[in-house]
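>>> Sequence first, then the predicted structure:
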Amino acid sequence: LTFAAGIMTCVGVVLYKCVLYRYSWRYMFLAGIWINGVFSLLQLLLIAGKASFLFALGDEGVRDFVLGSQYIPFCVLMVNLVPSNIEGASYALFTTTWNVADSLCESLSTMLLGIWDVSKPALEAGDLSGLTKLTVLTSALQLLPLLVIGYMPHS
(Lines give C-alpha, C1' and ligand atoms only; values in the text may rest on other atoms or scores of the structure.)
Protein backbone atom coordinates (compact mmCIF):
# COMPACT_ATOMS: atom_id res chain seq x y z
CA LEU A 1 0.00 0.00 0.00
CA THR A 2 2.87 2.36 0.80
CA PHE A 3 4.46 1.52 -2.54
CA ALA A 4 1.21 2.33 -4.37
CA ALA A 5 0.92 5.62 -2.47
CA GLY A 6 4.45 6.53 -3.51
CA ILE A 7 3.69 5.73 -7.14
CA MET A 8 0.54 7.90 -7.11
CA THR A 9 2.48 10.77 -5.51
CA CYS A 10 5.15 10.48 -8.23
CA VAL A 11 2.47 10.40 -10.93
CA GLY A 12 1.03 13.61 -9.48
CA VAL A 13 4.44 15.31 -9.48
CA VAL A 14 5.14 14.23 -13.07
CA LEU A 15 1.71 15.38 -14.22
CA TYR A 16 2.34 18.76 -12.63
CA LYS A 17 5.75 19.11 -14.27
CA CYS A 18 4.44 18.07 -17.69
CA VAL A 19 0.95 19.62 -17.84
CA LEU A 20 -0.44 21.31 -14.76
CA TYR A 21 2.33 23.92 -14.38
CA ARG A 22 0.48 25.95 -17.05
CA TYR A 23 -2.48 26.53 -14.73
CA SER A 24 -2.68 29.06 -11.93
CA TRP A 25 -1.96 27.93 -8.40
CA ARG A 26 -5.41 28.97 -7.33
CA TYR A 27 -6.97 26.73 -9.99
CA MET A 28 -4.67 23.84 -9.05
CA PHE A 29 -5.57 23.95 -5.39
CA LEU A 30 -9.26 24.56 -6.08
CA ALA A 31 -9.38 21.51 -8.35
CA GLY A 32 -7.42 19.42 -5.84
CA ILE A 33 -9.73 20.31 -2.96
CA TRP A 34 -12.84 19.45 -4.99
CA ILE A 35 -11.42 16.20 -6.37
CA ASN A 36 -10.35 15.06 -2.92
CA GLY A 37 -13.72 16.06 -1.43
CA VAL A 38 -15.72 14.21 -4.08
CA PHE A 39 -13.67 11.03 -3.75
CA SER A 40 -13.99 11.25 0.02
CA LEU A 41 -17.78 11.44 -0.29
CA LEU A 42 -17.73 8.44 -2.61
CA GLN A 43 -16.77 6.39 0.46
CA LEU A 44 -20.49 6.40 1.15
CA LEU A 45 -20.76 3.86 -1.67
CA LEU A 46 -18.33 1.64 0.22
CA ILE A 47 -20.40 1.98 3.40
CA ALA A 48 -23.59 1.14 1.52
CA GLY A 49 -21.94 -2.00 0.10
CA LYS A 50 -22.02 -0.67 -3.47
CA ALA A 51 -18.22 -0.67 -3.86
CA SER A 52 -15.36 -3.02 -3.07
CA PHE A 53 -12.28 -2.68 -0.90
CA LEU A 54 -10.29 -1.84 -4.04
CA PHE A 55 -12.42 1.30 -4.28
CA ALA A 56 -11.14 2.36 -0.85
CA LEU A 57 -7.57 1.89 -2.08
CA GLY A 58 -8.42 4.05 -5.09
CA ASP A 59 -9.66 6.78 -2.76
CA GLU A 60 -6.31 6.83 -0.99
CA GLY A 61 -4.55 6.78 -4.35
CA VAL A 62 -6.46 9.88 -5.47
CA ARG A 63 -5.49 11.61 -2.22
CA ASP A 64 -1.82 10.81 -2.78
CA PHE A 65 -2.07 11.89 -6.42
CA VAL A 66 -3.59 15.26 -5.46
CA LEU A 67 -0.93 15.82 -2.79
CA GLY A 68 1.79 14.93 -5.27
CA SER A 69 0.47 17.33 -7.89
CA GLN A 70 0.29 20.14 -5.33
CA TYR A 71 3.63 19.61 -3.60
CA ILE A 72 5.80 21.46 -6.14
CA PRO A 73 3.49 24.50 -6.28
CA PHE A 74 3.54 24.56 -2.45
CA CYS A 75 7.33 24.58 -2.48
CA VAL A 76 7.50 27.32 -5.14
CA LEU A 77 4.94 29.38 -3.23
CA MET A 78 6.93 29.06 -0.01
CA VAL A 79 10.22 29.99 -1.71
CA ASN A 80 8.59 33.09 -3.20
CA LEU A 81 7.30 34.18 0.20
CA VAL A 82 10.67 34.18 1.99
CA PRO A 83 13.59 36.59 1.69
CA SER A 84 16.50 35.48 -0.47
CA ASN A 85 19.33 33.38 0.96
CA ILE A 86 17.16 31.58 3.51
CA GLU A 87 15.30 29.29 1.12
CA GLY A 88 16.91 26.15 2.60
CA ALA A 89 15.85 26.98 6.14
CA SER A 90 12.40 27.88 4.89
CA TYR A 91 12.11 24.58 3.03
CA ALA A 92 13.08 22.71 6.20
CA LEU A 93 10.45 24.64 8.17
CA PHE A 94 7.86 24.01 5.46
CA THR A 95 8.60 20.28 5.35
CA THR A 96 8.43 20.03 9.14
CA THR A 97 5.14 21.92 9.20
CA TRP A 98 3.75 19.68 6.44
CA ASN A 99 4.68 16.53 8.39
CA VAL A 100 3.28 17.87 11.68
CA ALA A 101 0.04 18.84 9.94
CA ASP A 102 -0.27 15.33 8.50
CA SER A 103 0.14 13.81 11.96
CA LEU A 104 -2.22 16.35 13.49
CA CYS A 105 -4.99 15.63 10.97
CA GLU A 106 -4.80 11.93 11.80
CA SER A 107 -5.06 12.70 15.52
CA LEU A 108 -7.97 15.08 15.02
CA SER A 109 -9.83 12.56 12.88
CA THR A 110 -9.33 9.96 15.61
CA MET A 111 -10.85 12.37 18.11
CA LEU A 112 -13.92 12.71 15.86
CA LEU A 113 -14.64 9.00 16.31
CA GLY A 114 -16.37 9.81 19.61
CA ILE A 115 -19.04 12.02 18.06
CA TRP A 116 -21.16 9.16 16.69
CA ASP A 117 -21.19 5.46 17.47
CA VAL A 118 -18.77 3.83 15.07
CA SER A 119 -17.77 1.04 17.42
CA LYS A 120 -17.20 -2.50 16.23
CA PRO A 121 -20.37 -3.81 17.95
CA ALA A 122 -22.48 -1.11 16.27
CA LEU A 123 -21.02 -1.89 12.86
CA GLU A 124 -21.43 -5.65 13.37
CA ALA A 125 -25.08 -5.03 14.32
CA GLY A 126 -25.52 -3.29 10.96
CA ASP A 127 -25.81 0.25 12.37
CA LEU A 128 -23.90 2.27 9.78
CA SER A 129 -25.53 5.62 10.58
CA GLY A 130 -22.61 6.86 12.70
CA LEU A 131 -20.08 5.88 10.05
CA THR A 132 -22.14 7.58 7.36
CA LYS A 133 -22.41 10.82 9.38
CA LEU A 134 -18.71 10.76 10.18
CA THR A 135 -17.82 10.28 6.52
CA VAL A 136 -20.00 13.23 5.50
CA LEU A 137 -18.47 15.40 8.25
CA THR A 138 -14.86 14.58 7.38
CA SER A 139 -15.58 15.08 3.67
CA ALA A 140 -17.14 18.48 4.39
CA LEU A 141 -14.20 19.52 6.58
CA GLN A 142 -11.87 18.92 3.64
CA LEU A 143 -13.63 21.76 1.83
CA LEU A 144 -12.73 24.38 4.48
CA PRO A 145 -9.65 25.61 2.57
CA LEU A 146 -12.05 26.91 -0.09
CA LEU A 147 -12.80 29.77 2.31
CA VAL A 148 -9.24 31.12 2.07
CA ILE A 149 -8.22 30.14 -1.45
CA GLY A 150 -8.95 33.69 -2.63
CA TYR A 151 -5.93 34.91 -0.66
CA MET A 152 -3.61 32.71 -2.71
CA PRO A 153 -1.70 34.30 -5.60
CA HIS A 154 -2.66 33.21 -9.13
CA SER A 155 0.92 32.18 -9.93
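Yep, it's here.
>>> in this protein, which helix has the most residues?
Across the chain, the longest stretch assigned as helix under DSSP state H is helix 53-81.
>>> Counting by contacts, list what that helix packs against.
For helix 53-81, the packing partners by 3 or more CB pairs under 8 Å, 6 or more residues apart in numbering; DSSP states H and E come out as helix 2-18, helix 25-41, helix 43-47, helix 87-111. All C-beta atoms are positioned from the backbone trio N, CA, C, and that covers glycine.
>>> The ones you listed: which one's closest to residue 125?
Residue 125 lies closest to helix 43-47 among the helices and strands packed on helix 53-81, at 14.6 Å (CB to CB).
>>> burial count for residue 65?
The number of residues packed near residue 65 is 23, by other CB atoms under 10 Å.
>>> Apologies, that question was intended for residue 118.
The local packing of residue 118 (other CB under 10 Å) involves 19 other residues.
>>> Use 53 as the first number from now on
Okay, using 53 as the starting number, the last item reads as residue 170.
>>> Now it: closest residue in space that isn't a chain neighbour?
Spatial nearest neighbour of residue 170, excluding adjacent residues (CB to CB, 6 or more residues apart in numbering): residue 182 at 4.5 Å.
>>> who touches the one you found in this structure?
Residue 182 sits next to 167-170, 174 when contact means CB atoms under 8 Å, 6 or more residues apart in numbering.
>>> which secondary element of the chain has the worst mean pLDDT?
For the chain, counting by mean pLDDT, DSSP states H and E, helix 105-133 ranks last in confidence among helices and strands (a mean of 75).
>>> Can you give me the buried ones in that one?
Going by neighbour count (16 or more other CB atoms under 10 Å), the buried part of helix 105-133 is 110-111, 113-122, 124-125, 127, 129-130.
>>> just stretch 185-204 next, same as before
Buried-residue list, stretch 185-204, by 16+ other CB under 10 Å: 186-187, 190-191, 194, 204.
>>> could I get those as TSV with secondary structure and distance to residue 73?
Output for those, formatted as TSV (DSSP: H, G, I helix; E, B strand; the rest coil; distance: CB to CB, whole Å):
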residue	secondary structure	distance to residue 73
186	helix	37
187	helix	33
190	helix	31
191	helix	28
194	coil	24
204	coil	16
